[in-house]
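In: Predicted model follows, preceded by the sequence.
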Amino acid sequence: MAITTIGLKTAAKDLKRDINKAMEQELRSRALKAFADVKLTTPVDTGQARNSWYIGYTETYNNQKTAPATSNVNLLVPKDKPNKIIVTNGTTYIEFLNNGHSQQAPIKFIEAAFRKYFDQVTVEITNG
């Protein structure tokens, strides 16, 4: 008995595309859940810290003569291959809240919200 496969390369290519799409959908789903959790656990006094959360993709634009520029995308919409999903908060005191300066949330509440959905979590503190 012999089995002849026709279109095996096409099937493999389609499978790879479907797997990549499913992985990207799962990544977006987990990111949105973590985003909702971190927003809900952010301590509230004036509401500024809670309302300053942002989620989006980081994209690199290569049409410049110097080093590529990076820009945030406002909406978390499907992409073919996002560089990474970012969640940011622009308030100057979010680091202090995350370090336990509010009795409304535990220390490292940001990391805790994301560890529910991701194995590795990195929090970067930047100045702008």
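Out: Looks like it came in fine.
In: Looking at strand pairing, list the partners for the spatially most central residue of the chain.
Out: By C-alpha atoms, centre = their mean, the mean C-alpha position of the chain lies nearest to residue 85, the distance being 3.0 Å. Beta-bridge pairing for residue 85 (DSSP bridges): residue 57.
In: so it touches residue 34, yeah?
Out: No: here residue 85 lies out of contact with residue 34, judged by C-beta atoms under 8 Å, at a distance of 9.4 Å. For every residue, glycine as well, the C-beta is placed using N, CA and C.
In: Report the buried residues of the one helix or strand residue 96 maps to.
Out: According to DSSP states H and E, residue 96 maps onto helix 94-98. Residues of helix 94-98 classed as buried under the neighbour-count rule (16 or more other C-beta atoms under 10 Å) are 94, 97-98.
In: residue boundaries of the strands in the chain?
Out: For the chain, the strands defined by DSSP state E occupy 53-61, 69-72, 84-89.
In: Pick out the shakiest of those strands, pLDDT-wise.
Out: Across the strands of the chain, strand 69-72 has the smallest mean pLDDT, namely a mean of 42.
In: Check the gap between residue 31 and residue 3 for me.
Out: Per C-beta to C-beta, to the nearest Å, residue 31 is found 42 Å from residue 3.
In: ok, and the helix or strand in the protein with the lowest average confidence?
Out: strand 69-72 (a mean of 42; mean pLDDT, DSSP states H and E).
In: gap between the residue nearest to residue 112 when sequence neighbours are not counted and residue 98?
Out: Excluding the flanking residues, the one nearest residue 112 by C-beta to C-beta, 6 or more residues apart in numbering is residue 106, at 6.9 Å. Per C-beta to C-beta, residue 106 is found 10 Å from residue 98.
In: residue contacts, the residue lying closest to residue 88 once chain neighbours are set aside?
Out: Distances taken as C-beta to C-beta, 6+ apart place residue 54 nearest to residue 88, at 4.9 Å, with adjacent residues excluded. Residue 54 makes contacts with 72, 87-90, as judged by C-beta atoms under 8 Å, 6 or more residues apart in numbering.
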